[in-house]
Structure formats: C-alpha cells, structure tokens
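# Structure here, sequence nowhere to be found:
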C-alpha cells in the first residue's frame, strides 16, 4: 500500500452524526479552540497504544486519561449495540 504523503490531521469532537472537526497540526502538544467570545477549550496530546500499534489522541483538559478511555469504550459499546445484529 503506498504511503500517504499529504495527510491532513483533524481534531474530531463528538459523534459521526453530531460533531465538530477542526484542522490540527500533527505535532502540537495541546490544541485550543475558541468557545464563545471569551473562553477557550484545551485538548492535550496523548498516545493510545495496544502492543506495537498506537494513535495520537487529544484529551479535553477536564478529563484524566482513564476518564477519556472510559468514554471511548462506552461510546464504542453503545455504537456496537445499535448495529444490525448487535448485542443487547
């Protein structure tokens, strides 16, 4: 498979139906976005890995890594249950 040369990174907040996506630099340690007129939200860079495979994730500053992982797992479980043939 050919390597991607012009990969664009995005910070994706939310779900596949109700979400926001922002272009993001691939090497930022944290990202900030305007929230209203005077506030900002900050997302801090972290790495999610299993064995020798990893991805970069940005975690909202109000969450610990454990809380972020729990939210990711719970979101996946809810998605899986609602797929055709999903467990209930």
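Yes, it's here. The structure displayed is predicted, hence computed values, not measured ones. Numbering: from 1, shown residues only.
# Need the residues that contact the longest strand seen in the chain.
Ranked by residue count, the top strand of the chain under DSSP state E comes out as strand 39-50. Residues outside strand 39-50 that contact it (CB atoms under 8 Å, 6 or more residues apart in numbering) are 11, 28-35, 54-61, 65, 68-69. C-beta: built from backbone N, CA, C; applies to glycine.
# now, which of the residues you listed lie within strands?
11, 30-35, 54-60.
# out of these, which are buried?
With burial judged by 16 or more other CB atoms under 10 Å, the buried subset of the ones in strands among the contacts of strand 39-50 is 31, 57, 58, 59.
# Could you dump the residues you listed into TSV with pLDDT added?
Shown next, in TSV, are those (pLDDT from 0 to 100):
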residue	pLDDT
31	85
57	85
58	86
59	89
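# Out of the residues you listed, which comes closest to residue 84?
Of all these, residue 84 sits closest to residue 57, with 28.3 Å by CB to CB.
# Is the closest one in contact with residue 68, as I believe?
Yes. Applying CB atoms under 8 Å, one finds residue 57 in contact with residue 68, separated by 7.3 Å.
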